[in-house]
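# no FASTA, just this:
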């Protein structure tokens, strides 16, 4: 029934969508029916465009020449035109020529490409370094130096689920908008240091000409120098599980003054948000906070109903470890479950957030009023780390 | 020539003349289950691969249906990822590879003048392993958690998170790999030991050369794939940490081991196609293949080079600049021998006397469309460009051009070419032409727009996408359904031949064809070349 409703909803939107305003080019993202690479806002991106045009032109010339010959032959040397077959079947000179000439062409192609490869790999002398961590299914940004040192936050897709499930019309930045974009100053060399918390992800921003895999347990780096203020959008480029298509990248390039202002705002917000993990929290405070944490981190797999997805993600509603002593459940949330998709949230969430979400699950759905240890304090989580 | 023939092949015939030891052609289910005849086994391989082609095709249509509109309409993303993964695994290991082995089984003994393959019983085993592997793969959809959804490349650590469907896929690939290794051994021994007197290696049809070289590639790299997937298995269940940094492993190790197999694998899937095209073009141009020796050397160069370019699949993993440059240069080099082959085919056509029956249509179509795939491969080999298009639809376009318009079209060409020999009937030329034009056009409608999408940044393996890509996705989906339906024309054409509808085929239905297979009747008798022919 639910599926039928979804399909009917999609059909309605299809018909209705035709009447609604046409899709526009996405600023900082793909243009409608875009045919070529983005022109880019970095020197590297422009080099890539140039290289691609060079390769494409040479290939087109060769293509037209070679297949011109072939199609001519198909027309002129057909039996129905009375063509009689020749008997030659080798020619050393010709064969050497069409080996040596392509070889020379390939060397000519490789020379400008070499310059760009070397430039792309040179991450030295950066003005700013940002650490990017790939998670299932969001990005984390941490500023490592300069006035922003210590600023860190998660960046999650902000397109509402209702748009994805065709219950609402799609917004302007559908699938390529986040709650907290990465922000960098214009005309500064930004070194991006990448890693991942679970599986391989890949950080891609076409307008910068950047793509680098984020590999768990390892650090990789790349760099960009954005030459124009603006907002630029990319997506995860390595299959990382069910929401691979739902963890975009948004980078805001600001002027130096605007960037400095943003840094100050971030620091102030972080101070305000700092939770005191030693204080005793009230039950209602924990449950309320936990509901928010659940919605942002757990609902993708365990669902809003707490019923999970049978065969894939376990239900929390009525689950033995949620109704049992708090120790094992805290442990799973902190350290994940080996061999499954259950991530280790210990590195992503604070003691307060973990205590809140565990408390929430022990109060939600049919778990309310049942089981042991309904309240988990942040100090319990600190002790368990 | 001695009048007492030494039966140097069929086991059980120890030295006495074949004439006084006839057995009737086997019948019923025993004929197929216990088959040791290369023609029967070849037929079974081809039927199996066609069934897998349809299954893999259904999976593609399912995922293209989801992609018709942005948003999630029909399938959860985790199921969508199962479709993309299994589409790849089934097409590579279930359709393309077994189809070429089917051709090898049917045609190599006929072309070298041997009475059968060297190891007839191992041949039987090689085939019957395939349905087991195919059933394992297919039934992995129905276990808790479904089929593996880690992409056909099964990268760790994502593949370590998958459910039991992943273990079934690993087991299936071990079985399918074992089958291919045994098939490869059979092919090498047959070609090296059982050629008719007078057929030196440099007089052998090019199809046999391409299969000889492919067989060495298979033996060299399938064990490497087995190692990679076994390491996945032990990491998943037996406490090893090959791909887990926390215990000293490295996820990128998996990629190195996999692609060391994976790159030669794609040449395994194309070299026999080159061989088929090299048989068909001379036949329909009524002119010998141009540059036979260079074709052999080019094939060998491609095979050797294929071992040393694997990391061009890994340009974004963060390798040092020297490695990036090396793999770029080595990969660009492969375009040279490949280009030489294209030039040789065109030089074969030049000043020939061509007719365009269906095999020639597919062969010429192959040359044209495969070369487009070759050019996008050259563009991809330029590392800075690859950084932009890696893991986008540009790569999807490239490999479908070389695998579908390449390998699959060559398989179609070879089927039409040799179907009269297999069945004794000519296929309907009208159906063949419809199949060709419908497939060629719908293929391009499906995959050409993907180049644009990839350049614009549309990533692969995405269940949903930004609305700006909608039109190209819709075109691709329509093309995909059209292409799928076109294959029903092919099925009808083949079934009609097997049912005996159509003109009876002479021993040599193609005026310009050369080769020992055209000296035996059509359909080829159950036993052929029991006495090896003399080759001048």
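In hand now; what should we look at? Predicted, not measured: the structure shown is a model, and the values here were computed from it.
# quick one: buried residues of stretch A:165-174?
A:166, A:170, A:173-174 (16 or more other Cβ atoms under 10 Å in any protein chain shown). C-betas here are computed from N, CA, C, even on glycine.
# and which of the residues you listed is nearest to residue A:87?
The shortest approach to residue A:87 among these belongs to residue A:174, at 63.5 Å (Cβ to Cβ).
# Look up how far chain B lies from that closest one.
Residue A:174 sits 5 Å away from chain B, going by Cβ to the nearest Cβ, to the nearest Å.
# quick one, what contacts that residue?
Residues counted as contacts of residue A:174 (Cβ atoms under 8 Å, 6 or more residues apart in numbering or on different chains) are A:159, A:163, B:70, B:466-467.
# what's the answer for residue B:256, then?
Counted by Cβ under 8 Å, 6+ apart, residue B:256 has contacts B:310-311, B:314.
# which ones are touching residue A:229?
Here residue A:229 is in contact with A:186, A:253-255 (criterion: Cβ under 8 Å, 6+ apart).
# do that again at 6 Å, thanks
Counting by Cβ atoms under 6 Å, 6 or more residues apart in numbering or on different chains, residue A:229 touches A:186, A:253, A:255.
# tell me the pLDDT at it?
With respect to pLDDT, residue A:229 scores 98.
# do you know how far it is from chain B?
Relative to chain B, and taking Cβ to the nearest Cβ, residue A:229 is found at 21 Å.
# For chain A, state which of the contacts of residue B:256 is nearest.
Nearest to chain A, judged by Cβ to the nearest Cβ, of the contacts of residue B:256 is residue B:314 at 8.5 Å.
# burial measure for the closest one, as a count.
20 (other Cβ atoms under 10 Å in any protein chain shown).
# which residue sits closest to it, ignoring its sequence neighbours?
residue B:255 (5.4 Å; Cβ to Cβ, 6 or more residues apart in numbering or on different chains).
# could you point out which element follows the strand or helix carrying the one you found?
Assigned by DSSP states H and E, residue B:255 belongs to helix B:251-268. Downstream of helix B:251-268, the first helix or strand assigned by DSSP H and E is helix B:271-285.
# Taking their axis directions, that following helix and helix B:251-268 sit at what angle?
20 degrees (axes from the mean of the first three to the mean of the last three Cα atoms, to 10 degrees).
# now what about helix B:271-285, what contacts it?
With Cβ under 6 Å, 6+ apart as the criterion, helix B:271-285 contacts B:100, B:206-207, B:210-211, B:214, B:288-289, B:345, B:348-349, B:352, B:354-355, B:359-360, B:363, B:366, B:406-407, B:410, B:413-414, B:417, B:510, B:512-513.
# pretty sure residue B:509 is touching residue B:420, no?
Yes - counting by Cβ atoms under 6 Å, residue B:420 is a contact partner of residue B:509 at 4.7 Å.
# Any stretches of the chain with poor pLDDT?
Just so you know, I chose chain A. A:1-21, A:277 (pLDDT under 70).
# hm, I was asking about chain B
Looking at chain B by pLDDT under 70, you get B:1-22.
# give me the residue from it nearest chain A.
Closest point on chain B to chain A, by Cβ to the nearest Cβ, is residue B:245, at 2.1 Å.
# Closest residue of the stretch 151-300 of chain A to chain B?
residue A:217 (2.1 Å).
# Which residue is the nearest non-sequential neighbour of that residue?
Nearest one to residue A:217, counting by Cβ to Cβ, 6+ apart, is residue B:245 at 2.1 Å.
# separation between the one you found and residue A:346?
17 Å (Cβ to Cβ, to the nearest Å).
# for residue B:271, same thing?
The gap separating residue B:271 from residue A:346 is 51 Å, by Cβ to Cβ.
# Can you pick out the residue with more neighbours from these two?
The neighbour count for residue B:271 versus residue A:346, taken as other Cβ under 10 Å, is higher for residue B:271 (26 against 19).
# ranges for the helices of the stretch 51-200 of chain A?
Assigned by DSSP state H, counting those that start in this stretch, the stretch 51-200 of chain A shows helices spanning A:92-121, A:161-164.
# and of these, who's closest to chain B?
Per Cβ to the nearest Cβ, nearest to chain B of the helices of the stretch 51-200 of chain A: helix A:92-121, 4.0 Å.
# hmm, back to that, farthest-separated two in the buried residues of stretch A:165-174?
Among the buried residues of stretch A:165-174, A:166 and A:173 lie farthest apart (Cβ to Cβ), at 17.2 Å.
# ok, back up a step: now do the buried residues in the helix holding residue B:255.
B:251-252, B:254-268.
# Pick out the residue of the stretch 251-385 of chain A closest to chain B.
For the stretch 251-385 of chain A, Cβ to the nearest Cβ, closest residue to chain B: residue A:311, 4.1 Å.
# Spit out the contact partners of that residue.
B:144-145.
# Neighbours of residue 240, how many?
Just so you know, I chose chain A. By other Cβ under 10 Å, neighbour count at residue A:240 equals 27.
# I was thinking of chain B, sorry if that wasn't clear
Under the neighbour criterion other Cβ under 10 Å, residue B:240 is assigned a count of 16.
# Could you tell me the end-to-end distance of stretch A:157-170?
14 Å (Cα to Cα, to the nearest Å).
# Might one say that residue B:388 is in contact with residue A:49?
No - using Cβ under 6 Å as the test, residue B:388 is too far from residue A:49 to be in contact (8.8 Å).
# which parts of the stretch 251-385 of chain A sit against chain B?
Residues of the stretch 251-385 of chain A found near chain B (Cβ under 6 Å from any Cβ of the partner chain) are A:311-312, A:341.
# Could you dump those residues into a markdown table and include distance to residue A:302 and secondary structure?
A markdown table is the format used below for these (distance: Cβ to Cβ, whole Å; DSSP: H, G, I helix; E, B strand; the rest coil):
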| residue | distance to residue A:302 | secondary structure |
| --- | --- | --- |
| A:311 | 14 | coil |
| A:312 | 10 | coil |
| A:341 | 11 | coil |
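# Out of the residues you listed, flag the one nearest to residue A:138.
residue A:341 (14.2 Å).
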